[in-house]
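K.L.:
The following comprises the amino acid sequence and a computationally predicted model.
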Amino acid sequence: METNLRLESSLWVDNKRYRAVLTGWHFNWTELDKKNHDKKTISVPVAEVVGVEEGRVEILPQKSVEDTDKDFTVFYVKRSSGGGSYGLHWRLGKTQFSCLSRVLRDQWTKHLRAALKTHSPLRPHRLLVFINPFGGKKKGREIYHSLVSPLFELAGISSHVIVTERANQARDHLLKKDLTGFDGVVCVGGDGMFSEILHGLIGRTQQEAGLCENDPTVTLHPCPLHIGIIPAGSTDCVCFATVGVIDPVTSALHIIIGDSQPLDVSSVHQASALVRYSVSLLGYGFYGDVLAESEKHRWMGPLRYDYSGTVVYLSNRSYGGIVQYLPADPVLSSPRDRTRCLAGCSVCSRSTERLFPHSSDSSSLHSSHYSHFNNDSEGDWVSVEGRFRCVSLTCMSSSCPKSPLGLSPSAHLADGTGDLILVWDTHPLGFLKYLYRHTSSQDQFDLPFVEVHRVKAVRFSLPPGKEEESFDEIGGQNDVVDDEETGYIETASRTGSQQHLADADLTKRQKTANPFLCCTACSKAPAVSVWNCDGELLPFTEILCRIHGQLVRLYARGIEDGAAMQDYVEENDKHERISYINSLT
Ligand SMILES: CCCCCCCCCCCCC/C=C/[C@@H](O)[C@H](COP(=O)(O)O)NC(=O)CCCCCCCCCCCCCCC
Ligand SMILES: Nc1ncnc2c1ncn2[C@@H]1O[C@H](COP(=O)(O)OP(=O)(O)O)[C@@H](O)[C@H]1O
Ligand SMILES: [Ca+2]
């Protein structure tokens with residue numbers, strides 16, 4: 001196949017003659033009629049070609065085609081220079097080639113298109129797009145129509161666009177509507193919008209497989225549809241941690257070329273009922289309180305988190321709790337090994353083999369997946385009890401513009417584990433130091449009151465007697481929880497209906513359990529905090545979380561190391577130059 005795709009000829013770009021070569025994996029062109037040391041080769045991996053069009057094509061300011069029969073135009077991914085050491089911006093590169101004859105032109109377009117098909121099999125043809133018009137700075141629609149949709153069109157992708165009119169519309173659509181014909185789902189919005197897509201797709205996949213999501217020991221089926229994220233939210237942590245930059249064009253290009261990045265997902269259960277799924281921050285204490293406080297200030301937009309963070313920091317709270325965790329195999333990796341999960345991460349690739357050992361045999365794929373979870377005995381769990389500033393679990397680094405290396409800089413996107421961070425009660429300046437270290441590359445785990453563990457599952461419970469005490473205490477200051485509300489929680493736990501749970505607003509009981517909805521004006525410090533689950537408040541305090549390795553796939557490839565990529569590009573250029581010179585002599 002590969003030999004059939006090879007093509008080599010002279011081509012002209014801007015009236016200069018080039019030697020163009022298409023091997024299986026690369027398309028490159030080198031200027032001729034120049035002294036050897038000036039020769040420069042441009043090399044584009046076939047997998048990064050966006051589109052091949054007959055004629056001289058422009059797409060800006062709008063698409064125009066000059067239909068000459070000896071020309072063709074190639075669009076491809078171009079990395080923009082000077083983008084810092086982590087995360088590169090991708091832009092659309094364009095080169096217009098002229099051939100000596102129409103026959104040769106047709107040969108080039110045919111070969112390039114065939115190579116594309118062979119080398120990027122996951123390119124989407126049809127996408128379902130959800131736009132949250134109210135996310136972040138409310139620019140979702142504008143971002144999609146001006147920056148993304150012209151690129152999708154150029155790449156021949158057809159998209160069905162839905163601008164949401166209410167929260168949970170995207171999730172409900174994915175749970176109930178016909179999805180045949182779609183290769184992937186794109187969300188234009190923030191982490192909250194991504195979470196809707198995540199819940200819709202995971203729920204739908206388990207429904208179709210006849211699996212019960214409530215049971216934490218069940219091996220869930222990975223979702224067949226890919227998810228693309230066009231960032232247009234407040235934190236955009238999932239996008240930042242999987243692409244390395246918050247940039248709609250970069251993300252659109254990853255979608256177009258069908259990049260594929262698996263992602264670990266944590267399921268959160270209460271009394272054997274599924275409560276929610278989480279990929280980034282599942283946080284109790286500080287991060288829960290910040291979210292609860294910030295809900296009152298939504299009108300501030302993305303700034304609400306800084307404001308609420310300051311208010312909560314100044315309130316200086318800590319909470320009692322029992323944390324139990326199931327450690328991951330320490331031989332594989334550690335949260336303090338100072339490595340980074342980057343594009344092509346070897347820890348994650350090895351995990352794919354471990355999680356899906358017979359991936360060529362689809363019948364055994366799911367049955368073997370996660371069987372080890374059931375084999376872990378109670379004795380493997382580690383238990384700690386005390387007072388915490390915060391307890392956080394994250395399946396990935398959770399880097400975001402506020403914290404470029406993230407909550408756990410060495411966490412992996414797809415290794416089947418999460419990092420549990422315990423910040424014990426400490427003096428206010430110590431905690432500030434911990435928070436502040438998130439903004440730089442200083443090690444936030446190198447503090448005497450901070451612990452981090454790589455885990456497969458986590459349980460959180462309140463110290464004995466504390467739960468009732470806290471509700472009684474608050475009950476005295478607020479309306480007593482009535483039966484109807486308690487009834488809801490019981491019903492929810494019993495049926496575990498994901499939709500029911502997610503649809504329900506916080507009940508009064510949940511509000512009383514939430515310090516910032518009731519206690520900012522109280523002098524007494526509350527005994528319980530609330531869980532922040534990827535930006536949603538959870539209605540339960542005592543939970544069990546389990547990490548499901550590589551449950552979903554994103555149109556992304558992980559963070560490209562800018563510095564290493566530069567070397568690669570230069571090395572590649574040099575290699576191509578030398579091999580070309582050798583072929584001449
Ligand atoms: C002193 C500077 C401290 C900077 C600390 C930064 C820690 C940042 C860790 C961020 C982890 C983010 C995980 C992602 C969560 C999102 O899923 C989720 C939803 O996002 P969406 O609204 O876009 O849908 N976002 C959140 O829950 C937001 C959490 C944000 C926490 C920010 C805390 C800011 C703290 C400022 C403290 C200031 C203390 C000042 C003392 C004088
Ligand atoms: N049309 C809509 N009206 C109101 N809320 C919506 C709508 N569409 C989505 N949402 C909800 O808005 C929340 C926040 O959206 P998100 O896109 O994450 O923005 P942000 O990052 O600013 O929080 C999400 O939880 C989502 O469920
Ligand atoms: Ca992980």
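P.N.:
Right, received. Where do you want to start? Residues are numbered from 1 along each chain as shown. Ligands and ions are numbered 1, 2, ... in the order given.
K.L.:
residue in the stretch 101-250 of the chain nearest to ligand 3?
P.N.:
residue 241 (10.5 Å; CB to the ion). All C-beta spots, glycine's among them, are computed from the backbone N, C-alpha and C.
K.L.:
Could you look up the SS state of that residue?
P.N.:
For residue 241, the assignment made with DSSP: H, G, I helix; E, B strand; the rest coil gives helix.
K.L.:
One more: residue 145?
P.N.:
Secondary structure assignment for residue 145 (three-state DSSP): helix.
K.L.:
ok, now the one 5 residues further on?
P.N.:
In terms of secondary structure, residue 150 is helix; the call rests on three-state DSSP.
K.L.:
do you know how far the closest residue to it other than its chain neighbours is from residue 198?
P.N.:
Once flanking residues are discounted, residue 150 sits nearest to residue 59: 6.1 Å by CB to CB, 6 or more residues apart in numbering. With distances taken as CB to CB, to the nearest Å, residue 59 is found 32 Å from residue 198.
K.L.:
Show me which residues of the protein are close to ligand 1?
P.N.:
Counting by CB under 6 Å from any ligand atom, the chain comes close to ligand 1 at 190-192, 233-237, 280-281, 287, 290-291, 305-306, 309-310, 313, 398, 400, 402-403, 407, 432, 435-436, 438-439, 532, 534-535.
K.L.:
quick one: residue 304 and residue 292 touch, right?
P.N.:
No. Using CB atoms under 8 Å, residue 304 makes no contact with residue 292, being 11.5 Å away.
K.L.:
Just give me how far stretch 150-163 sits from the chain centre.
P.N.:
Between the centre of stretch 150-163 and the centre of its chain there are 21 Å (CA atoms, centre = their mean, to the nearest Å).
K.L.:
buried residues in that stretch?
P.N.:
150, 151, 152, 154, 155, 157, 159, 161 (16 or more other CB atoms under 10 Å).
K.L.:
go on, stretch 417-428?
P.N.:
Within stretch 417-428, the residues that qualify as buried are 417, 418, 419, 420, 421, 422, 423, 424, 425, 426, counting by 16+ other CB under 10 Å.
K.L.:
was I right about the second one contacting residue 398?
P.N.:
What it means is residue 418. No. Using CB under 8 Å as the test, residue 418 is too far from residue 398 to be in contact (10.3 Å).
K.L.:
For the buried residues of stretch 150-163, could you give me TSV that also reports pLDDT and distance to ligand 2?
P.N.:
As requested, these are exported to TSV (pLDDT from 0 to 100; distance: CB to the nearest ligand atom, whole Å):
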residue	pLDDT	distance to ligand 2
150	94	22
151	95	21
152	97	20
154	92	26
155	94	25
157	97	22
159	97	18
161	98	14
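K.L.:
Same list (these) but as a markdown table, adding distance to residue 329.
P.N.:
Shown next, in a markdown table, are the buried residues of stretch 150-163 (distance: CB to CB, whole Å):
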| residue | distance to residue 329 |
| --- | --- |
| 150 | 47 |
| 151 | 42 |
| 152 | 42 |
| 154 | 45 |
| 155 | 41 |
| 157 | 40 |
| 159 | 42 |
| 161 | 44 |
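K.L.:
so which of these comes closest to residue 341?
P.N.:
When those are compared for distance to residue 341 (CB to CB), residue 151 comes out closest, at 27.1 Å.
K.L.:
how near is that closest one to ligand 1?
P.N.:
Taking CB to the nearest ligand atom, to the nearest Å as the measure, residue 151 falls 24 Å from ligand 1.
K.L.:
ok, for that residue, nearest residue in space, not its chain neighbours?
P.N.:
That would be residue 252: by CB to CB, 6+ apart, it lies 4.8 Å from residue 151.
K.L.:
any idea how far the one you found is from residue 51?
P.N.:
From residue 252 over to residue 51 the distance is 13 Å, taken as CB to CB.
K.L.:
if you count what's nearby, which of these two comes out ahead?
P.N.:
A side-by-side neighbour count of residue 252 and residue 51, using other CB atoms under 10 Å, places residue 252 first with 27 against 22.
K.L.:
before we move on, back to that, mind listing the shared neighbours of residue 418 and residue 398?
P.N.:
Common neighbours of residue 418 and residue 398 are listed as residue 411 (criterion: CB atoms under 8 Å, 6 or more residues apart in numbering).
K.L.:
Now do residue 329 against ligand 3, distance only.
P.N.:
Distance from residue 329 to ligand 3, counting by CB to the ion, to the nearest Å: 13 Å.
K.L.:
tell me the SS of that residue?
P.N.:
Going by three-state DSSP: residue 329 is coil.
K.L.:
So what's the residue count around it?
P.N.:
12.
K.L.:
can you list the residues that contact stretch 92-108?
P.N.:
Stretch 92-108 is contacted by residues 7, 9-13, 18, 20, 22, 29, 42, 44, 50, 54, 56-59, 68-78, 151, 154, 249, 253 when judged by CB under 8 Å, 6+ apart.
K.L.:
for it, what is the average pLDDT?
P.N.:
Mean per-residue pLDDT for stretch 92-108: 96.
K.L.:
Quick check: buried residues in stretch 330-344?
P.N.:
For stretch 330-344, by 16+ other CB under 10 Å, it's 333, 335, 336, 340, 341, 342, 343.
K.L.:
Identify the residues contacting that stretch?
P.N.:
For stretch 330-344, the external contacting residues (CB under 8 Å, 6+ apart) are 347-348, 350-351, 396-397, 408-413, 415, 417, 419, 443, 445, 452-454, 557-561, 564.
K.L.:
Measure how far that stretch is from the centre of its chain, please.
P.N.:
Distance of stretch 330-344 from its chain centroid, counting by CA atoms, centre = their mean, is 18 Å.
K.L.:
Ok, stretch 289-303 next?
P.N.:
Relative to the centre of its chain, stretch 289-303 is centred 22 Å away, using CA atoms, centre = their mean.
K.L.:
can I have it written out in CSV, keeping just the CAs?
P.N.:
Written as CSV, here are the backbone C-alpha positions of stretch 289-303 (Å, rounded to 0.1, in the frame of the first residue of the first chain):
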residue,chain,number,x,y,z
ASP,A,289,-16.4,26.1,49.4
VAL,A,290,-15.1,28.2,46.6
LEU,A,291,-17.6,26.7,44.1
ALA,A,292,-20.5,27.1,46.6
GLU,A,293,-19.5,30.7,47.2
SER,A,294,-19.0,31.4,43.5
GLU,A,295,-22.5,30.2,42.5
LYS,A,296,-23.8,33.4,44.2
HIS,A,297,-21.6,35.6,41.9
ARG,A,298,-22.1,34.0,38.5
TRP,A,299,-22.7,37.5,37.1
MET,A,300,-19.0,38.2,37.6
GLY,A,301,-18.1,35.6,34.9
PRO,A,302,-14.7,33.9,35.1
LEU,A,303,-13.6,36.4,37.8
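K.L.:
Good, wrapping up.
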